[in-house]
Structure formats: structure tokens, C-alpha cells
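Predicted model and sequence below, questions to follow.
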Amino acid sequence: MPKSLNVYVTTASNTEESSWGTYCPGMDPPPPSEYLTCLGDLYSVAWMEVSESHNLNKETIKQQYEKVKERTSNFNNYNVWSHVMEYGSKEIKPKKVYLYQGFDPATVNLPANKIDFARLEVFASLSVQVPKASANSRKSLTPLFYAYLGIVAGRNFILQLPDD
């Protein structure tokens, strides 16, 4: 991405890997039993939970990026996690997150970015649960896509798309 565009972008993974799902069936914590799918992409969930658990008036874009990257990489253990990437104009990184995401007064007494995701007791006090696992998002969504299409094992089908 050209830096001249004055755009800052982060991504869930690098160009050679898949991103990962979280809050999937069989994980701790699991989704509600009526859901047979992962409820979120690990990177997006990490970003939302970081945003909910920090004072965005104090936190910088750089701090937020580093915390989301740490969480999405399983604390720099990339066995089944992804490499969060950043592209474009990085001059934005010293700016405060609230300028772009707003501010929740409920977080006024929270730190800028000192919560350790490995310490789950911190999240218990914030009513936030941290997933302890991830699933390859492409592999976990494929069976659900086929279920959506109504495929039953051993039956032929024809998918007809509506005319536009």
C-alpha cells in the first residue's frame, strides 16, 4: 500500500496464512449450544475486546495494535495463530484511539493498555471472557457453507441462483 495515500491498515494475517476463528463449538468459552459456528474472527474479537477493556482516551493506536497483535499471535506463539500485519502511513500510531473509535465513559478508570490477556481474572472483573483456542476460519466455515446449501451426504444437487 502506498504511504502517499495517508491510510493506515491492519490485517488479521499475512499473505501466506489464514486467519483464525474463535468462540467456536468445543472451545472454552464455547458459543451458545444452538450455534454450530465460530462466533468471531480472532483478530476482530481481539480488537473489540481490547477496545472494551482499555481507556481509549489514554491508549494510542500503536498500543492498541501491539496488544491486538500479541493476542492474535497467542503471545508470539504462532503455532495455530496468525501474524497481524500493518501497512500504509504509520504516522497515525501516536494518536489516541478515541479520536477514531469514540470513548465509553464506563472505561474511564481503566488503564491505557496494561491489561495482560493471560491474566483471566482481570477479565472476570470486566465480564469479558478470553478464548483459549482458535480455529482455522476457512476450514471451520466450509462445512457450515455446505450445510447452508442443504447438501446431504450422498445426494446430488443443483444450485440455482436467482436471476438479477
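Sure thing, it's come through.

going forward, measure contacts and count neighbours with C-alpha atoms only.
OK.

and Gly21, what helix or strand is that in?
Assessed by DSSP states H and E, Gly21 sits inside strand 20-22.

For that strand, buried residues please.
Trp20, Gly21, Thr22 (16 or more other C-alpha atoms under 10 Å).

Dihedrals phi and psi, Arg71?
Arg71 has phi and psi values of phi -70, psi -40 when expressed as degrees, to the nearest 10.

Around it, how many other residues sit close by?
Number of residues near Arg71 (other C-alpha atoms under 10 Å) recorded here: 25.

same question, the one 3 residues further on
Using other C-alpha under 10 Å as the criterion, Asn74 is surrounded by 20 other residues.

what's the answer for Leu110, then?
Leu110 has 16 nearby residues by other C-alpha under 10 Å.

quick one: contacts for it?
If you count contacts by C-alpha atoms under 8 Å, 6 or more residues apart in numbering, Leu110 has them with Ser53, His54, Asn55.

where's it relative to Asn57, distance?
Distance, Leu110 to Asn57, by C-alpha to C-alpha, to the nearest Å: 10 Å.

just Val7 next, same as before
Taking C-alpha to C-alpha, one finds Val7 at 21 Å from Asn57.

For those two, indicate the residue with more neighbours.
When neighbours are counted by other C-alpha under 10 Å, Val7 and Asn57 differ, and Asn57 comes out ahead with 20 against 14.

Hmm, that one is touching Tyr100, no?
No: judged on C-alpha atoms under 8 Å, Asn57 makes no contact with Tyr100 at a distance of 10.5 Å.

Any regions of this structure where pLDDT drops low?
Within the chain, the ranges that satisfy pLDDT under 70 run 3, 75-80, 112-164.

Mind doing that once more with 80?
1-4, 29, 74-81, 109-164 (pLDDT under 80).

all strands of the protein, in order?
With DSSP state E, the ranges of strands along the chain come out as 8-11, 20-22, 40-41, 85-88, 135-136.

Out of those strands, which is the most enclosed?
Of all the strands of the chain, strand 20-22 has the most neighbours on average by mean count of other C-alpha atoms under 10 Å, namely a mean of 26.

Give the partner strands of that strand in its sheet and their orientations.
In the sheet, strand 20-22 lines up against strand 40-41 (antiparallel), strand 135-136 (antiparallel) (DSSP bridges).

OK, contacts around Lys93?
Lys93 neighbours (C-alpha under 8 Å, 6+ apart): Thr60, Ile61, Lys62.

Excluding sequence neighbours, find me the nearest residue to the last one.
Taking C-alpha to C-alpha, 6 or more residues apart in numbering as the measure, Lys62 lies nearest to Lys93, with 4.7 Å between them; neighbours along the chain are not counted.

Good, we can wrap up now.
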